[in-house]
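J.: just to be clear, the model below is a prediction. Sequence and coordinates:
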Amino acid sequence: MRRKISITTGEQESILAQQWVECFIRRMVVEQLDIPHRLKAKLLYQSIRAQQEEN
């Protein structure tokens with residue numbers, strides 16, 4: 001079953017809050033993929049590492 005959600009945020013001055021929202025959205029997208037659990041974990045790990053390298 002799919003749910004339709006609406007995510008709204010106020011003005012975000014906090015870098016930490018912005019990173020948390022980005023990570024949350026990324027995780028939601030990856031969880032919707034029809035792939036094995038290990039591959040989901042690898043995708044999330046790679047995205048976290050890429051984000052850390054940006055900062």
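T.: Yep, that arrived. Residues are numbered from 1 along each chain as shown.
J.: mind checking which helix or strand the residue nearest to residue 43 when sequence neighbours are not counted is in?
T.: Distances taken as Cβ to Cβ, 6 or more residues apart in numbering put residue 30 closest to residue 43, at 5.2 Å, once the chain neighbours are dropped. Heads up, the C-betas are built off the backbone N, CA and C, glycines and all. Using DSSP states H and E, the element containing residue 30 is helix 15-32.
J.: let me see the mean pLDDT of that helix.
T.: If you average the pLDDT over helix 15-32, you get 85.
J.: buried sites along that helix?
T.: Residues 19, 30 are the ones in helix 15-32 that count as buried (16 or more other Cβ atoms under 10 Å).
J.: for the next helix or strand after it, name the packing helices and strands.
T.: With elements assigned by DSSP H and E, the helix or strand that comes after helix 15-32 is helix 37-54. Helix 37-54 sits against helix 15-32, with contacts defined as 3 or more Cβ pairs under 8 Å, 6 or more residues apart in numbering; DSSP states H and E.
J.: what's the angle from the helix it packs on to helix 37-54?
T.: Angle, helix 15-32 to helix 37-54, by axes from the mean of the first three to the mean of the last three Cα atoms, to 10 degrees: 160 degrees.
J.: phi, psi for residue 5 please.
T.: phi -120, psi 160 (degrees, to the nearest 10).
J.: pull the contacting residues for the spatially most central residue of the chain.
T.: Nearest residue to the geometric centre of the chain (Cα atoms, centre = their mean): residue 26, 2.1 Å. By Cβ atoms under 8 Å, 6 or more residues apart in numbering, the contact list for residue 26 reads 44, 47.
J.: mind redoing it with 7 Å?
T.: residue 47 (Cβ atoms under 7 Å, 6 or more residues apart in numbering).
J.: output the helix holding residue 30 as CSV, nothing but the C-alphas.
T.: Coordinates of each C-alpha in helix 15-32 appear next as CSV, following Å, rounded to 0.1, in the frame of the first residue of the first chain:
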residue,chain,number,x,y,z
ILE,A,15,22.4,23.1,8.7
LEU,A,16,21.8,20.1,10.9
ALA,A,17,18.1,20.3,10.3
GLN,A,18,18.5,20.5,6.6
GLN,A,19,20.8,17.5,6.5
TRP,A,20,18.4,15.5,8.6
VAL,A,21,15.5,16.3,6.2
GLU,A,22,17.7,15.3,3.2
CYS,A,23,18.7,12.1,4.8
PHE,A,24,15.1,11.3,5.8
ILE,A,25,13.8,11.9,2.2
ARG,A,26,16.7,9.8,0.8
ARG,A,27,15.8,7.0,3.1
MET,A,28,12.1,7.1,2.2
VAL,A,29,13.0,6.9,-1.5
VAL,A,30,15.4,4.0,-1.0
GLU,A,31,12.9,2.1,1.1
GLN,A,32,10.4,2.3,-1.8
